[in-house]
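> need the 3D shape of this:
(one chain, ligands or ions: 1)
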Amino acid sequence: MKIIYITGHKNPDLDTVCSAYAYAVLKRKLDPKNQYVAVRCGHLSDSSKKILASLNITPPPFMGDVFPKVKDVMLTNDERIESSAPLTEVAKNYKKTNPSVVPIFEDGEFLGLLSVDDISSWYMDKLSKGDDLNSVPTIKDVMSKQEAPIQCTDLFEEAKMSLSTSSKRGLAVFDGNAFRGYVTRRCFLKAPKYNVILMDHNEPKQSIKGIETANILEIIDHHRLDAIKTSLPIFIDAEPLGSTCTIVYQLFVRNQIVPDKETAKVLLTGMMADTLVLKSPTTTAVDIAAAKALAEICNVDVKEFGHAMFNNMESISNLNPENAILSDFKRYTERGVNFGIGQLEVTTLADLDTYKSKYLRALEDVREKNGLEWAVLMITNVMSENSVLFTTTHRSVKHLPYEALEPGILDLPGVMSRKKQLLPEMIFTL
Ligand SMILES: [Mn+2]
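The predicted model follows:
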């Protein structure tokens with residue numbers, strides 16, 4: 001049984017976590033022989049957390065990286081040999097497995113590793129002194145001083161290094177203070193690889209840490225392609241649709257599986273979030289049809305469900321402005337200019353005055369801390385389908401085709417998409 005991790009991109013949004021969640025449900029049905037685990041490789045924004053909580057959906061657990069670890073190669077022994085036992089106790093099983101080290105216990109607690117070197121040096125020592133070799137020593141008599149244990153979450157490459165520079169043949173592996181197993185040099189002959197399915201992204205830079213050391217098994221995405229080279233042929237489903245959740249829904253259909261109510265709700269959530277209740281210009285007829293079908297399964301009205309979802313978001317005046325801006329912030333380099341665009345969705349712009357000055361200040365901080373020439377924040381009203389744009393001072397601002405409402409704030413009627421509407425206009429002014 002293989003474990004296959006399904007992960008979305010860094011700075012996870014709802015489409016990324018919901019598509020990973022739902023695709024894991026589908027894969028478990030299609031391939032019950034393997035274990036599919038949906039994970040997220042970053043922290044969710046407060047708004048996303050709140051929306052998922054209101055729908056009773058537990059988000060996928062956090063996983064920081066897919067680098068191979070000590071726990072993936074360590075050995076475990078069911079046998080508990082006590083240090084007070086005679087060395088014959090170890091000799092009994094030695095022929096079967098020829099272990100280079102054997103874990104030894106004292107009153108049931110792990111004491112250390114006995115290595116073949118310990119045994120040979122003990123006997124060599126006796127021989128050199130001309131001592132009697134007829135009496136059998138206890139295991140404890142023979143054991144040498146122990147090396148510090150390593151942790152099961154330590155990286156494979158680092159542990160390999162520690163062992164190769166140590167005079168020992170093996171190292172004990174702990175989880176905190178508890179003994180879990182041990183590694184020998186043989187454990188490090190080949191690095192294990194994690195199996196990963198990428199959702200809602202394909203660029204290694206946007207992926208979980210360590211992705212370059214993993215086996216990518218599949219990619220399900222709706223972004224431009226800039227993927228890693230793979231060594232084997234893989235399944236890719238990349239389509240220019242409004243959300244990755246739409247693609248996952250299509251995969252359910254293609255496999256003639258009807259998503260259960262819970263999964264349908266999860267898919268609809270990701271879809272509503274990425275298409276801004278099907279109003280973003282990235283929305284296609286396929287998204288609209290999929291949303292309708294999913295809404296029928298969960299017995300809700302698409303628009304009502306979408307608007308209720310956004311209504312459930314934390315008002316942005318209550319958020320920490322810098323964290324809010326960075327929760328969905330994308331950086332670009334065009335014509336030698338480094339700039340960034342953040343986007344926040346709201347259900348009203350009536351309270352703009354309560355937060356505009358602190359957000360403008362925070363935006364300038366974000367610009368400076370990230371070494372950008374220009375930073376903007378698009379605040380999109382998903383109800384009325386328009387946005388306002390907060391901007392730092394930059395020579396290009398006056399060339400944007402938008403009217404200024406006041407210094408640093410522009411009006412963007414009908415604009416909802418960062419990649420399809422705002423980004424091309426910004427690049428044009430550079
Ligand atoms: Mn997406």
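
> and for residue 261, the neighbour number?
Number of residues near residue 261 (other CB atoms under 10 Å) recorded here: 12. (Each C-beta comes from the backbone N, C-alpha and C, glycine too.)

> go on, residue 53?
12.

> could you look up the SS state of it?
helix (DSSP: H, G, I helix; E, B strand; the rest coil).

> just list the residues touching the residue lying farthest from the centre of the chain, thanks.
Ranked by distance from the centre of the chain (CA atoms, centre = their mean), the top residue is residue 130, with 61.8 Å. Residues near residue 130 by CB atoms under 8 Å, 6 or more residues apart in numbering: none.

> likewise for residue 192?
68, 72-73, 156.

> nearest to residue 98 among these?
residue 73 (18.2 Å; CB to CB).

> wait, that closest one touches residue 187, no?
Yes - with contact defined as CB atoms under 8 Å, residue 73 counts as touching residue 187 (4.3 Å).

> in the stretch 251-400 of the chain, what residue is nearest the ion?
residue 274 (4.5 Å; CB to the ion).

> my bad, the chain
Closest point on the chain to the ion, by CB to the ion, is residue 15, at 3.5 Å.

> residues in the stretch 251-400 of the chain within reach of the ion, list them.
Residues of the stretch 251-400 of the chain lying close to the ion (CB under 5 Å from the ion) are residue 274.

> how about the helices in the stretch 251-400 of the chain?
261-275, 285-297, 302-311, 321-326, 352-369 (DSSP state H, counting those that start in this stretch).

> and these as a markdown table, adding distance to residue 100 and mean pLDDT?
A markdown table is the format used below for the helices of the stretch 251-400 of the chain (distance: least, CB to CB, whole Å; pLDDT from 0 to 100):
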| stretch | distance to residue 100 | mean pLDDT |
| --- | --- | --- |
| helix 261-275 | 49 | 97 |
| helix 285-297 | 56 | 98 |
| helix 302-311 | 58 | 93 |
| helix 321-326 | 50 | 94 |
| helix 352-369 | 51 | 96 |
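
> which phi and psi does residue 102 have?
phi -130, psi 130 (degrees, to the nearest 10).

> ok, what's across the strand from it?
residue 114 (DSSP bridges).

> that one: neighbour count?
Applying other CB under 10 Å, I find that residue 102 has 23 neighbouring residues.

> now residue 51
Around residue 51 there are 24 residues (other CB under 10 Å).

> do residue 288 as well
Residue 288 has 16 nearby residues by other CB under 10 Å.

> OK, contacts around it?
Counting by CB under 8 Å, 6+ apart, residue 288 has contacts residue 278.

> for residue 230, give its distance to residue 218.
10 Å (CB to CB, to the nearest Å).
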